[in-house]
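> here is my input, please return the structure:
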Amino acid sequence: MTILRTEVVDQAIDRRTGRFGRFLKEQIVVRGTVPLAMVRKRAVEHEGSCRAAVLLVHGFGQNRYAWHLPSRSFANHLAAAGFDVFNLDLRGQGKSRRFGAPRPGSVDEYIEHDMPRAFEEVRQLSGQSTLFLVGHSLGGLLPYATAPLYPRIVRGVVTIGSPFRFTEGSGVLRVLSSVVAGLDKLGLAPANVPVPIRLLGRTMHGLQKYLESPLYPIALRGWHAGAIEPEILGEHMAHAFDMANVPVMLTMFRWSKSAFGGTRRSKVDGLDYAERFERSTQPLLVIAGTGDDLAPPDSVEPAYLVSRASDKTYRELPLGHIDLLVGTEAPTTVWPMVERWLTARSSTPVVRRALAVGDDVP
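The predicted model follows:
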């Protein structure tokens with residue numbers, strides 16, 4: 001691990017409402033075969049007395065800026081609420097790519113390598129033996145797969161717009177899934193080439209008025225019409241949209257006819273990802289958006305329904321995929337909901353001690 005830079009910064013939590021905070025910011029790179037980048041945030045006023053450590057995991061084709069825009073920052077909100085926040089760039093994304101991390105060859109690389117290494121790093125730096133996972137979209141599926149393997153480390157999981165049954169509730173995605181499946185069967189699926197979706201994002205931002213109008217014929221956009229200001233959407237498209245990785249996309253479509261993980265068996269216990277998740281009893285908060293055309297409630301709610309956790313909660317909000325994180329109403333709905341949930345489960349004393357690398361990791 002290398003801390004590249006430590007600084008005190010004054011940043012917006014939500015510029016629209018005039019909420020700002022002073023934060024201690026650390027830029028971190030986890031050294032290894034695949035370098036991973038993280039940004040750690042703590043409110044200066046809470047330094048030395050954070051409630052708990054929280055690891056944020058972004059979605060497909062995005063990066064850590066999904067949680068932190070210059071004008072609206074979920075990461076800063078949690079830090080201001082007293083949490084020790086770690087914002088991860090998965091391999092091939094954001095600063096992890098700039099430090100030399102290659103594109104992933106499969107989702108398994110996130111699950112078997114990136115997430116466990118991030119767990120160790122968070123515990124080392126925070127001095128806490130446990131952490132919470134908060135994920136958006138694909139970034140919520142990764143905790144579903146990894147948290148059950150680390151019951152002594154992961155205190156709870158929050159997912160936002162994470163499709164446990166990908167394509168359920170979306171006719172457009174089901175059609176697209178069939179097309180991709182046909183190409184895949186014929187061996188015509190694209191190779192592992194980088195797809196710069198940031199360019200697509202900027203184009204979509206420029207067409208926002210058209211995409212939100214009745215003239216737009218496809219029920220697939222990524223945000224709920226009228227739920228996010230044009231300038232905030234522009235920031236998200238410019239900063240959070242990154243590189244799409246074809247193997248990860250193909251894996252999600254291959255899973256579309258079954259629960260998350262399909263029939264992919266783990267090398268650890270022989271269970272597939274969905275089976276292991278169902279047996280987990282870790283606290284769970286699942287949030288869906290009724291205006292989410294990428295992960296409709298029909299695709300998100302099954303995670304809540306199959307979970308055997310006694311402490312589990314499901315909530316639906318009238319928001320879309322992107323605006324669940326940074327839409328106009330997110331700071332007054334989603335953010336406080338997650339904050340309250342984390343706070344209620346942070347009341348149990350945690351062990352604060354120096355941890356050895358690999359300690360308590362199966």
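> pLDDT below threshold where in this protein?
By pLDDT under 70, the weakly predicted segments of the chain are 1, 188-192, 263-264, 266-268, 347-362.
> and the helices in it?
74-80, 94-98, 107-109, 115-126, 138-146, 171-185, 197-206, 208-211, 230-239, 246-254, 273-279, 297-306, 323-326, 334-344 (DSSP state H).
> most neighbours per residue, which of those?
Most buried of these by mean neighbour count (mean count of other CB atoms under 10 Å) is helix 323-326; its value is a mean of 28. To be clear about C-beta, it is placed using only N, CA and C from the backbone, and glycine gets the same treatment.
> just checking, what packs against that helix?
Here helix 323-326 touches helix 230-239, strand 284-289, going by 3 or more CB pairs under 8 Å, 6 or more residues apart in numbering; DSSP states H and E.
> closest one to Leu55 among the helices of the chain?
Among the helices of the chain, helix 115-126 comes nearest to Leu55, with 5.4 Å by CB to CB.
> export that closest one as PDB, just CAs?
In PDB, the C-alpha atoms belonging to helix 115-126 read as follows (Å, rounded to 0.1, in the frame of the first residue of the first chain):
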ATOM      1  CA  MET A 115     -12.700  -7.000  -3.400                       C
ATOM      2  CA  PRO A 116     -10.700  -9.100  -0.800                       C
ATOM      3  CA  ARG A 117      -7.600  -6.900  -1.400                       C
ATOM      4  CA  ALA A 118      -9.700  -3.800  -0.800                       C
ATOM      5  CA  PHE A 119     -11.100  -5.300   2.400                       C
ATOM      6  CA  GLU A 120      -7.600  -5.800   3.700                       C
ATOM      7  CA  GLU A 121      -6.600  -2.300   2.800                       C
ATOM      8  CA  VAL A 122      -9.600  -0.700   4.400                       C
ATOM      9  CA  ARG A 123      -9.000  -2.600   7.600                       C
ATOM     10  CA  GLN A 124      -5.300  -1.700   7.700                       C
ATOM     11  CA  LEU A 125      -5.800   2.000   7.200                       C
ATOM     12  CA  SER A 126      -9.000   2.400   9.300                       C
END
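> taking helix 138-146 as reference, get the angle to that helix.
90 degrees (axes from the mean of the first three to the mean of the last three CA atoms, to 10 degrees).
> if we can go back for a sec, dump the helices of the chain to TSV, plus distance to Val30.
Listed next are the helices of the chain as TSV, based on distance: least, CB to CB, whole Å:
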stretch	distance to Val30
helix 74-80	18
helix 94-98	9
helix 107-109	14
helix 115-126	5
helix 138-146	16
helix 171-185	33
helix 197-206	24
helix 208-211	37
helix 230-239	22
helix 246-254	20
helix 273-279	23
helix 297-306	28
helix 323-326	24
helix 334-344	23
